[in-house]
Structure formats: C-alpha cells, structure tokens
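Chemist: Mind folding the following:
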Amino acid sequence: MPRQGDRSLIPAEAVRLAALGELSRGNVTLGALSMSVRGFVSRLMGPSLDVLGVSIEQLRYDGMIETVGRRAGPGQSLTADSELTLTEKGREALRDLLRGPVRGPMTDLSKMVVALKLRFLELLPPEDRAAQLDQLVELAESEIARLKDLVARGSDGLMGEWLVQDIAEAERWRDWYAAKRAAVGG
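Modeler: Below is the predicted model:
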C-alpha cells in the first residue's frame with residue numbers, strides 16, 4: 001500500500017497501466033487483452049496473485065474501457081470475444097499512471113512499472129517524457145547510493161562482489177536513461 005502522499009504505483013495500478021496502454025494502440029478483445037497483460041506481467045515478475053488477481057473487467061465498471069459493437073447488458077460479464085476500446089476517462093487515467101512516480105528500491109514490481117512506462121512513454125508529450133526520464137535517472141542514482149551504503153556497512157567477500165555488480169548495472173541504467181533524456185531535449 002502506498003504511503004500517505006505517495007503517488008507510486010501499486011500492483012493494481014500497474015495492471016491498469018498495462019491494459020490501458022495496450023488498448024491505447026487500438027481495439028482488442030478481452031481475451032487478447034487478458035493474455036497480453038498476463039504474459040507481460042508473468043514474464044517480468046513471474047506469476048503473482050497480487051498483480052494478476054486484478055480484474056480487467058473492473059476497468060469497464062470504472063468507465064475507462066467500453067465494448068464496441070454488441071454490448072453486454074447491465075450486470076452481464078464480458079466474454080473473451082468482447083471487443084474493447086479505451087474511453088476518454090481511460091486515456092486520462094493512462095496519462096496519470098504514466099506520470100506517476102516509481103518507488104525505490106528496485107523490486108520486481110518497480111522493474112515492471114519501469115518497463116511499462118518505457119513501453120508506453122511515447123504516448124506522453126515530450127515534456128512529460130523528459131520528466132519521466134529525469135525521474136528514472138534519479139531512481140537509478142538513489143539505487144546506486146543505497147547499494148554503495150550496503151557495501152560501506154561491511155558487505156565483503158562474495159556478497160560485496162555481488163553488490164559491486166548491482167552497482168555497475170544501476171550505473172549503466174542511469175547512463176542509459178540520461179542518454180534517452182538528452183535525446184528528448186527540453
């Protein structure tokens with residue numbers, strides 16, 4: 001659960017981001033959308049009831065998606081063949097989710113949120129893309145500082161070597177985000 005005032009994405013919002021982002025690319029059936037979201041999430045995090053237990057159909061009840069063509073009546077569930085489209089409320093929610101912060105330290109959920117942001121970053125205007133990439137640079141710098149603090153607190157031997165590898169990876173990500181940020185300009 002996010003802390004008071006913390007706008008970091010929680011698992012349910014990550015699934016919303018995945019589903020709304022996929023729908024932003026065009027209409028898709030519920031079955032195809034479910035498979036796409038489940039496949040993406042499972043490949044990044046492994047199976048997780050915390051994340052995959054979130055119902056895509058809830059997006060319909062929240063007014064973020066709607067069916068195209070033959071509509072399910074009130075109280076009727078969508079079928080795998082129901083064609084879905086994004087509503088304006090869904091587009092607004094997608095933009096808000098893409099602009100939301102990523103919480104450190106880097107966990108499997110944080111990595112999935114970063115992957116989703118990068119997957120759909122082109123949906124944001126350049127100034128918002130730049131802000132998100134700035135945020136990712138800061139997140140990587142925070143991760144580097146956290147890992148260096150662990151090393152300084154006596155992590156030697158194999159654990160120390162392992163942490164040095166993690167620091168090098170975080171530094172590579174920071175530099176990559178910074179290069180992408182420079183390419184956006186502004």
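Chemist: lowest average confidence, helix or strand, in the chain?
Modeler: helix 49-52 (a mean of 56; mean pLDDT, DSSP states H and E).
Chemist: who are the neighbours in contact with the residue most central in space within the chain?
Modeler: Centroid-nearest residue in the chain: Val113, 2.6 Å away (criterion: CA atoms, centre = their mean). Shown in contact with Val113 (CB atoms under 8 Å, 6 or more residues apart in numbering): Leu9, Ala14, Leu17, Val102. Quick note: C-beta positions are derived from backbone N, CA and C, even for glycine.
Chemist: tell me the secondary structure for the last one?
Modeler: When the structure is reduced to helix, strand and coil (DSSP: H, G, I helix; E, B strand; the rest coil), Val102 reads as coil.
Chemist: isn't it right up against Asp134?
Modeler: No. Judged on CB atoms under 8 Å, Val102 makes no contact with Asp134 at a distance of 12.0 Å.
Chemist: what about the two, which has more around it?
Modeler: For Val102 versus Asp134, neighbours defined as other CB atoms under 10 Å are more numerous around Val102 (20 against 15).
Chemist: give me phi/psi at Val28?
Modeler: phi -150, psi 150 (degrees, to the nearest 10).
Chemist: That one: neighbour count?
Modeler: There are 20 residues near Val28, going by other CB under 10 Å.
Chemist: mind checking how far it is from Met35?
Modeler: 10 Å (CB to CB, to the nearest Å).
Chemist: same deal with Arg43?
Modeler: Arg43 is 12 Å from Met35, by CB to CB.
Chemist: the more surrounded of these two?
Modeler: Neighbour count, other CB under 10 Å: between Arg43 and Met35, Met35 has more, with 13 against 10.
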